[in-house]
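>>> Below is the structure, and that's it, no one-letter string:
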Ligand code: F6P
């Protein structure tokens, strides 16, 4: 697709001029003093998620220019191409249609639209597979003999389900334990197996490709353990979640739930990869999870760009990365249930947008994905928030807080929420009447996302919001957010090195690798 690269648009030049003129001097405290409507103007309610963007280094001018940039980069057209099922993952010649997985009850109109876009067939397959998978999830939930669910998968086949099962622990009504084994480090699997018995364990081998070394190594070891411990019925104790049902069969797994190449690994928790979530929260809960995400899809697809939350967040990401030069974003979920949220977002954003070339493979002269990192609050406050407040680099912080607690322990939730508000306030206001070590410069930006309650639906919406926001910045940068060639080289080199650890052959290796190899032998 030939279109103007973002840094060649008039809006980019105007944004640069705006930043040069006012960007560095922009002061949040002055902005609030000058505009009593600032909170209202820079916050919005999207499906299930309220977002306060007012403590960011933006004003009406920069926001308007960012919207111009979106227009000049064809953001809406690119979004519509995704929703129309076009092959926007150009390097892999694939459509990107994880949104189809979340439309559990399409209206007549949506069915007609899908048919006109030639994706009706996919939509039908989605429903048949979802029904089968949810029936299986209910069967497992009802099976009191199964006490332990072990998900074996890595990357998108681990991070999403793990994050969501933890996040929705309160809705997991069945007395089952969930374990997630991802690392090829055998300590992880060994630690889980030590807690399990073969007759009461269900292994879910989750792998889009069913070829990933870590997952296959763990799956083979799990099967060996199962058989060595006297386990009998692999059909009952192993299930596969994969697009490669034939490979799962060859492995000896007869119960498989499939999905499709148009579901990217890091977007796959809505598919069969979400089975652990469905077992945890039940079929109805999983449908609510999908429905929450679908509500966000509809918002992204239809809301005007200036009131479109994924668009506003994605454009803010561009403003910070390319004009302010901020290299990272700290993720601060004030919810221990969301403790894997930062890890989940790391894959979503950095595997999607950590690219240095455009769609045509041409090197880009500007920065792309920031580094994402973080821990739940309040823990982060007692670790690295020092640097956020008084360090030499400015790091935008993204808070997530939940209004209603899911427990009734007195005093905790108000302290948690007060801390979230206080940190965002302290970052912005600083403490400028003190000098030296006690001086806080303030004017440090943050975004505050607020959920009424952490439920399957609100979590679904929160995740879809992030997916679309990553789509927005990727589309502006003109990169393919849906491939991940950068993970391949290490995989190839590891295959070469593994036999050398046994045979000591260091021929052709660089001196450092050869030296380390010798030490490891
Ligand atoms: O190596 C990266 C990656 O391909 C991720 O994109 C993916 O989520 C992960 O590996 C696992 O892949 P699979 O589900 O095919 O095992």
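Happy to help now that I have it. Source: prediction; values computed, not measured. Numbers count the residues shown, from 1 in each chain.
>>> mind listing what residue 97 touches?
82, 85, 119, 122, 260, 262, 263 (C-beta atoms under 8 Å, 6 or more residues apart in numbering). For the C-beta atoms, the positions are set from N, CA and C on the backbone; glycine is no exception.
>>> Secondary structure class of the last one, three-state.
Yep, that's residue 263 we're talking about. Following DSSP: H, G, I helix; E, B strand; the rest coil, residue 263 is assigned to coil.
>>> what about it, neighbour count?
For residue 263, the neighbour count with other C-beta atoms under 10 Å is 25.
>>> Pull the contacting residues for it.
Per C-beta under 8 Å, 6+ apart, neighbours of residue 263: 97, 98, 101, 208, 243, 270, 271.
>>> Including secondary structure, distance to the ligand and pLDDT, could the residues you listed go into a markdown table?
Shown next, in a markdown table, are the contacts of residue 263 (DSSP: H, G, I helix; E, B strand; the rest coil; distance: C-beta to the nearest ligand atom, whole Å; pLDDT from 0 to 100):
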| residue | secondary structure | distance to the ligand | pLDDT |
| --- | --- | --- | --- |
| 97 | coil | 17 | 93 |
| 98 | helix | 13 | 95 |
| 101 | helix | 15 | 95 |
| 208 | coil | 4 | 96 |
| 243 | coil | 8 | 94 |
| 270 | helix | 14 | 98 |
| 271 | coil | 11 | 97 |
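>>> Of the residues you listed, which count as buried by neighbour count?
97, 98, 101, 208, 243, 270, 271 (16 or more other C-beta atoms under 10 Å).
>>> residue contacts, the fifth one?
By C-beta under 8 Å, 6+ apart, the residues touching residue 243 are 208, 209, 210, 258, 259, 260, 261, 263.
>>> just the buried members of the residues you listed?
Counted by 16+ other C-beta under 10 Å, the contacts of residue 243 give 208, 210, 258, 259, 260, 263 as buried.
>>> From residue 366, how far out is the last one?
Computed as C-beta to C-beta, to the nearest Å, the residue 263 to residue 366 distance reads 30 Å.
>>> Ok, the third one next?
Using C-beta to C-beta, one obtains 39 Å as the distance from residue 258 to residue 366.
>>> Quick check: pLDDT value at the residue of the stretch 401-521 of the chain found nearest the ligand.
The nearest approach of the stretch 401-521 of the chain to the ligand comes at residue 487, 3.7 Å away (C-beta to the nearest ligand atom). As predicted, residue 487 sits at a pLDDT of 95.
>>> quick one: secondary structure of the nearest residue to it once chain neighbours are set aside?
Nearest non-adjacent residue to residue 487, counting by C-beta to C-beta, 6 or more residues apart in numbering: residue 351, 7.5 Å away. Three-state call for residue 351 (three-state DSSP): helix.
>>> do residue 292 as well
Going by three-state DSSP: residue 292 is helix.
>>> So for whatever residue of the stretch 1-150 of the chain ends up closest to the ligand, what's the nearest residue that isn't a sequence neighbour?
For the stretch 1-150 of the chain, the residue closest to the ligand is residue 92, as judged by C-beta to the nearest ligand atom, at 11.2 Å. Spatial nearest neighbour of residue 92, excluding adjacent residues (C-beta to C-beta, 6+ apart): residue 483 at 5.5 Å.
>>> Fine by me, thanks again.
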